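Colleague: Need coordinates for the below:
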Amino acid sequence: MTDTPADIVIAYWSGSGSVSLAAQLIAEGARAEGVEVTLTDVSALDDAGWQTLHGAAAIVFGTPTYMGGPAAGFKAFLDATGDRTWVKRMWLDKLAGGFTSGVNTGGDKLATLSSLSVFAAQHGMVWIGQDLIGAPVVKDNAGLNLSGTFLGLAVNSDGEGGLTPGCEASARHYGARMAQAVRRWNGAVAAG
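Modeller: Numbering: from 1, shown residues only. Below you'll find the model as predicted:
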């Protein structure tokens, strides 16, 4: 682990609760790999929260997909980074990942993940995508990575704040992947 307050910060905004649940599951997956995780709701971000983001080895961005892109509450956070971090290059070479939820399997979630990855690129961050191959390609992975999205984690909301069981497992897997990338990138722990 690093000397920072958290190896991974999951910065998210949630509408119905499915993004909050996905954030918790990603954190579970990362913690199972021995990495410290802080969950940060960007709607309540204060100076201490910004400092936690600056000190993290990785930031995982999470937002619902509304009307084909990040939700307005999360977009406000992205825009606020301009003067705080972007110009100062404070997140340069920090690992980044992203996740989104929507009620449909496709639901234009890829557009949201594209937006998040471009945002990370503008900050000079290193993007970590999803590696989980679902069924029918890998038959034992029924229900996992349902949309076949590899740019990041795309999960299906049940519309009431929950996720499908396969999406819950996919979120935990993505958290483990982020933790492994943090360990490898930072050289803190030998891989494997």
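
Colleague: Residue 100 contacts residue 154, doesn't it?
Modeller: Yes: between residue 100 and residue 154 there is a contact at 5.9 Å, judged by CB atoms under 8 Å. For the C-beta atoms, the positions are set from N, CA and C on the backbone; glycine is no exception.

Colleague: Overlap of the contact sets of the two?
Modeller: 109, 113 (CB atoms under 8 Å, 6 or more residues apart in numbering).

Colleague: I figured residue 145 hits residue 136, correct?
Modeller: No: counting by CB under 8 Å, residue 145 stays clear of residue 136, with 11.8 Å between them.

Colleague: which of those two has more neighbours?
Modeller: Each of residue 145 and residue 136 has its neighbours counted (other CB atoms under 10 Å); residue 145 has more, 25 against 7.

Colleague: what about that one, is that helix, strand or coil?
Modeller: On the three-state scheme (DSSP: H, G, I helix; E, B strand; the rest coil), residue 145 is labelled coil.

Colleague: residues contacting it?
Modeller: Under the contact definition (CB under 8 Å, 6+ apart), the residues listed for residue 145 are 130, 132, 133, 134, 170.

Colleague: could you flag which of these are buried?
Modeller: Applying 16 or more other CB atoms under 10 Å to these, the neighbour count classes 130, 132, 134, 170 as buried.

Colleague: And whichever strand or helix holds residue 38, what does it pack against?
Modeller: Here residue 38, judged by DSSP states H and E, is contained in strand 37-41. Packing contacts for strand 37-41, counted by 3 or more CB pairs under 8 Å, 6 or more residues apart in numbering; DSSP states H and E, involve strand 8-12, helix 18-31, helix 47-55.
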